[in-house]
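Peer 1: structural data only, the sequence is not supplied:
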């Protein structure tokens with residue numbers, strides 16, 4: 001009885017496997033298209049059996065080398081792409097080993113130069129605001145004394161040649 005159960009179980013699994021294979025083939029090639037191909041092969045076998053036998057021998061003996069060659073080509077392409085990607089990633093990593101410290105140094109230099117320029121600006125503005133003289137919009141140099149009176153000590157006027165200035169020797173009192 002155990003042999004009959006084993007045999008029926010094997011038959012059930014085999015039929016399930018055949019049904020699964022049939023469903024997969026039906027997904028790739030529809031049954032009507034497959035039936036047309038079967039009919040054409042049958043017609044060819046009855047009309048020209050020598051030609052069909054020649055094609056069958058050629059297909060049977062040449063299919064394996066063609067499949068091996070296609071597998072070799074696919075594997076070669078896959079290996080070359082993977083190795084090209086790994087090669088590129090390796091050299092990109094090496095380049096990053098140079099880029100990161102270079103960016104750190106250039107960032108630090110740029111930060112120091114900016115800090116120096118900003119500090120120079122604020123220091124010069126602070127010094128300029130505390131000077132006892134200033135320049136107004138007309139190019140007059142105005143000096144402020146300790147009592148708050150302002151006097152023009154230099155009045156610049158461009159000459160006709162654009163480069164000479166007339167300097168007044170006396171100081172004039174400026175009213176606000």
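Peer 2: Alright, I've got the coordinates. As the structure is a prediction and not an experimental result, all values here were calculated from the model.

Peer 1: what packs against whichever strand or helix holds residue 52?
Peer 2: In this assignment (DSSP states H and E), residue 52 forms part of helix 49-130. If you count contacts as 3 or more CB pairs under 8 Å, 6 or more residues apart in numbering; DSSP states H and E, helix 49-130 packs onto helix 31-47. Quick note: C-beta positions are derived from backbone N, CA and C, even for glycine.

Peer 1: picking up where we left off before, elements contacting the helix or strand just after the helix holding residue 52?
Peer 2: Past helix 49-130, further along toward the C-terminus, the next helix or strand under DSSP H and E is strand 133-135. Other elements packing on strand 133-135 under the criterion 3+ CB pairs under 8 Å, 6+ apart are strand 140-144.

Peer 1: buried residues, the strand it packs on. List them.
Peer 2: For strand 140-144, a neighbour-count test (16 or more other CB atoms under 10 Å) marks 140, 142-143 as buried.

Peer 1: same for the helix or strand where residue 21 lies, what does it pack against?
Peer 2: For residue 21, the host element (DSSP H and E) is helix 2-28. Helices and strands touching helix 2-28, by 3+ CB pairs under 8 Å, 6+ apart: there are none.

Peer 1: now that helix, how far from the centre of its chain.
Peer 2: On the basis of CA atoms, centre = their mean, to the nearest Å, helix 2-28 sits 51 Å off its chain's mean C-alpha point.
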